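*Asks:* Generate coordinates for the sequence data below:
(2 chains)
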Amino acid sequence: MKRRQIAVVAGAATVLGLLTAVASTAARPDDDPVRLAATPEGGVRVVGLPCLPSSFQLGMTNAGTADLYADVELAAGGPVVLDRRLVSSWLPAWDPDHTVTARIGVTVPLDAEPGSYEVRATTDGAEVTVPVEVLPQPPKGDGANLALGEQAVASSTHANFDVCGAVDGNTDSEQWDTLTGWNDGTSGVFPDTYDVTLAAPASISRVETWTLDSTRYPAARYGLRDFDVQVRAGGAWQTVDEVRGNTAGRVTSTFAPVTADAVRIVGLASNNRDYSRLIEVEVFTS
Amino acid sequence: MTGDHNPFRGLRLDAIDATRRRFLTVTGAAMGLAVVGSLPGLASADGSAVELTQLPEYPFALGVASGDPLSDSVVLWTRLAPRPLEPFGGLGPRPVMVLWQVAEDPDFRRVVRSGSARARREESYSVHVDVQGLRPWREYWYRFRVGRHVSPVGRTRTAPAPGDSPQALRFAFASCQAYWEGFYTAYRDLAAHEHDVVFHLGDYLYEYGVGVGAGVRQQQLPADTLRETVTLDEYRSRYALYKLDADLQAAHASAPWIVTMDDHEVENNWADEIPEGNTPTPTRNEFLVRRANAFRAWWEHMPVRLSQQPIGPDVQLYRRFQYGDLVRFNLMDTRQYRDDQAAGDGSDSPNPGSLDPNRTITGAEQERWLLDGFAERSARWEVLAHQTAIAQLDTRAGADVIVPMDTWDGYVASRQRVLGGAAERGVRNLVSIAGDLHRSVVSELKADYADPAAPVIGTEFVGTSISSGRDGMDNDEGGLTILAENPHVKFSNFQRGYVRVEVTPERWLADYRVVDRVTVPDGTVSTRTLLAVEDGDPSIHVVGGQA
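*Replies:* The predicted structure follows:
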């Protein structure tokens, strides 16, 4: 019952902790026990694609002897946009030190000027600066995945998932979580649609559909079983492949080249009949 | 009330401020520490500790509340938040002085208590005023003010004096209000009735993101509402979102609330120091920090006393409320001290884990507190107000018995000890009220469901959800199975709603209010059934409503 002892100590110390926090803004900033850090240390690289968010981990450590609550405020320079401006947390004065982490999403608009910018995180008496490098748009010529980072829209998205999860360039099912895949939001209700709008109309002839297929969640039990691949040509959706009875994690659909400005996966059934789950959708010219 | 009526006429800000400063000086350092952590003279150089006495924007967007009524006191609550979904509710770093008044009439002609409180960033600019010296078993009205901004008026009511014999108690209980799954029409109905007190039995907030468009609400909300809550700012902001609902605000303003918490105020199906299987905070340390953040935000947003303020990852939730010799409520905590769910959680047949005599859902200390309380036999109706069903609920048609591992079915020894303990101590009328299931289930309670001859010891009224689970229906397949497989279950319904109860010395009468639809605004609320329990006889009788 080690935690009980910690709690008792904290009980006596909480008031002091608050006092320290207040006082440190005034005369004794060196006394502030909070240490801030960002991971990766080298900073963040981000591209102005609509559906390709970048991120860093903010680390907050209480190096003092009293538990406290800290507010860390975040501000970004230039075109950089953060998905949150504040991280507040209880920071225990555990021994050894415990670092509380929070993911900070970083994006830039399509027209962001490539260059170096920074994000600043501050709390009473502590600060960390995170370099942000805005990269030029990647070329999307022959052989490139045209769906990478482009705007995705879904019929619904489960509350714990991000609609961009299936165009983030990550095809690793073992990292299935709220960030690298897409899961629809209506259990047991089909069809579900997942659309990716391309940056510009292109002649396409291949779509790679990656559905959930990990050691814990094999495709044969959790993946998409029946789905259609559609492309939007001249404003109308047309079906270019019908996949039925699938049990694999990756399905390649090849078809006669067609000039399209969007691709849609229509989920008709999953192997356990609840949700449509996509790890990645890739679109190629050949 | 006329347009130019100044509800705080006669209250002079400067006079109050002077009084308060004098008060701080007289009461000394300890008081200063407890209240703010900034003693007079320690104000910071940038002036950030200097108190504001007015705000440019209306700060009472989250409404008002009162709670934890005693015979001579009640807690008044508000949180200043001019822009509730922005960081710090849109307020700068400086504390804000909030004035409050308590009156014997809704027009505030007879103000009996007033004062000021300091709203500080460290507490999300929430205010918890523990008003003392009130008269027992009577109504009061209260309001707050910052500068020219006056809050809505709330109605509250104290408990009877100890030893009094009230003729009747009228209360309501509610639970489970997923924001994106339904409108809070049930709360509008609750607010339209007069209650002496209202209980919230948990899942006031869900940690899950509300989804793009916030489900049935069809609202465009800031991106942080899509995230699962983990950090303190996220829990604070999610409470602000829920509390923006006008029907919920009306329900809070209509009566004092007594609030506990279940799992989703932290995370689905957590147990003591153990998070659920699929969690963003998998380690013990990560989970304890998250628990501390969740508890802190809960305290900041609930009308509870300082004694319920968490200390890091620990909070004292279980406590008692006495309504004379008529009813005693034992508000319980079956999350913080429970053993991990048996058989990997989910549903299972009774198994070595769920039947293990050493496992507990209450923890040893709370169980002792309950049993010692039973022995006092202080009231005619002894109520367990808590999270989830005590009664056995076989959810599988046929010979197999499949029961949920998260309810008391997963902690059979706790059920035997608590119910058996009540019987041994001669509790006259034991009644359990709970939520969690998102369905109404009314049962006779037995210490041992494996023994068909075991006596009925009490009754249980599980109330459905306010909104979680969307519209539902009168009885789904699960409800029909529960009715068919559990002879001790006397009523089941799978719509959304809440429960009103009238207790007299002779009878407990439960009114199950259900909403026809919660996925659209302005659904219709009606009484689905009226169920009675007579004094001294733990059997359940249908006395009204639909058959």
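*Asks:* neighbours around residue 243, how many?
*Replies:* Reading this off chain A. 19 (other C-beta atoms under 10 Å in any protein chain shown). Where C-beta positions appear, they are placed from N, C-alpha and C, glycine not excepted.
*Asks:* look at chain B instead
*Replies:* 20.
*Asks:* From residue B:381, how far out is the nearest residue to residue B:337 once chain neighbours are set aside?
*Replies:* Nearest residue to residue B:337, sequence neighbours excluded (C-beta to C-beta, 6 or more residues apart in numbering or on different chains): residue B:363, at 2.6 Å. Distance, residue B:363 to residue B:381, using C-beta to C-beta, to the nearest Å: 25 Å.
*Asks:* Could you check which of the two is surrounded by more residues?
*Replies:* residue B:381 (24 against 18).
*Asks:* Chain A - how does it break down into domains?
*Replies:* Domain ranges of chain A: A:2-135, A:152-284, per automatic domain parsing.
*Asks:* Please compute how far the last one lies from its chain's middle.
*Replies:* Average the C-alpha atoms of domain A:152-284, do the same for its chain, and the two points are 17 Å apart (C-alpha atoms, centre = their mean, to the nearest Å).
*Asks:* Need the pLDDT of the residue nearest the centre of chain A.
*Replies:* Geometric centre of chain A, nearest residue: residue A:179, 3.9 Å, by C-alpha atoms, centre = their mean. You'll see residue A:179 listed with a pLDDT of 72.
*Asks:* quick revisit: contacting residues around the residue nearest to residue B:337?
*Replies:* By C-beta atoms under 8 Å, 6 or more residues apart in numbering or on different chains, residue B:363 lies in contact with B:336, B:337, B:338.
*Asks:* ok so, going back, just put the domains of chain A in JSON lines and tack on distance to residue B:257.
*Replies:* Below are those laid out as JSON lines (distance: least, C-beta to C-beta, whole Å):
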{"stretch": "domain A:2-135", "distance to residue B:257": "25"}
{"stretch": "domain A:152-284", "distance to residue B:257": "27"}
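*Asks:* With distance to chain B as new columns, can these be given to me in CSV?
*Replies:* Below are these laid out as CSV (distance: least, C-beta to the nearest C-beta, whole Å):
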stretch, distance to chain B
domain A:2-135, 4
domain A:152-284, 4
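*Asks:* For residue B:253, which of those is the nearest?
*Replies:* domain A:2-135 (27.9 Å; C-beta to C-beta).
*Asks:* Residue B:542: which element?
*Replies:* strand B:537-545 (DSSP states H and E).
*Asks:* Sheet-wise, list the partners of that strand with their directions.
*Replies:* Take DSSP bridges as the rule and strand B:537-545 pairs in its sheet with strand B:525-534 (antiparallel).
*Asks:* Pull out the buried residues from the strand it pairs with.
*Replies:* Neighbour counts over strand B:525-534 (16 or more other C-beta atoms under 10 Å in any protein chain shown) mark B:525, B:528, B:529, B:530, B:531, B:532, B:533 as buried.
*Asks:* Tabulate the residues you listed (TSV), appending pLDDT.
*Replies:* As requested, those are exported to TSV (pLDDT from 0 to 100):
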residue	pLDDT
B:525	98
B:528	98
B:529	97
B:530	98
B:531	98
B:532	98
B:533	98
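*Asks:* lowest-pLDDT helix or strand in the chain?
*Replies:* Went with chain A since none was named. helix A:2-26 (a mean of 32; mean pLDDT, DSSP states H and E).
*Asks:* Chain B, not that one
*Replies:* helix B:29-35 (a mean of 33).
*Asks:* name the helices or strands packed onto the following helix or strand past it?
*Replies:* Moving toward the C-terminus from helix B:29-35, the next helix or strand (DSSP H and E) is strand B:64-67. Packing contacts for strand B:64-67, counted by 3 or more C-beta pairs under 8 Å, 6 or more residues apart in numbering or on different chains; DSSP states H and E, involve strand B:74-79, strand B:139-146, strand B:154-157, helix B:246-254, strand B:257-259.
*Asks:* near chain A, anything from stretch B:203-214?
*Replies:* Yes: Stretch B:203-214 reaches chain A (C-beta under 8 Å from any C-beta of the partner chain) through B:208, B:209, B:210, B:211, B:212.
*Asks:* just so I know, which of the helices and strands packed on strand B:64-67 lies nearest residue A:202?
*Replies:* Once the helices and strands packed on strand B:64-67 are compared by C-beta to C-beta, helix B:246-254 is nearest, at 49.1 Å.
*Asks:* List just the nearest of the contacts of residue B:363 to residue A:270.
*Replies:* Of these, the one sitting nearest to residue A:270 (C-beta to C-beta) turns out to be residue B:338, at 33.8 Å.
*Asks:* so what pLDDT did that closest one get?
*Replies:* 97.
*Asks:* which SS class is it?
*Replies:* When classified by DSSP: H, G, I helix; E, B strand; the rest coil, residue B:338 comes out as coil.
*Asks:* That one: neighbouring residues, count only.
*Replies:* Neighbours of residue B:338 under the rule other C-beta under 10 Å: 23.
*Asks:* can you tell me how far it sits from residue B:332?
*Replies:* Residue B:338 is 11 Å from residue B:332, by C-beta to C-beta.
*Asks:* Between the two, which contacts overlap?
*Replies:* With C-beta under 8 Å, 6+ apart, residue B:338 and residue B:332 have common neighbours residue B:362.
*Asks:* can you list the contacts of residue B:363 in CSV and add distance to residue A:110?
*Replies:* Output for those, formatted as CSV (distance: C-beta to C-beta, whole Å):
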residue, distance to residue A:110
B:336, 49
B:337, 53
B:338, 51
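*Asks:* ok so, going back, closest one to residue A:75 among the helices and strands packed on strand B:64-67?
*Replies:* strand B:74-79 (25.1 Å).
*Asks:* hang on, the earlier thing: pLDDT value on the residue nearest to residue B:337, please?
*Replies:* Value for residue B:363, per-residue pLDDT: 98.
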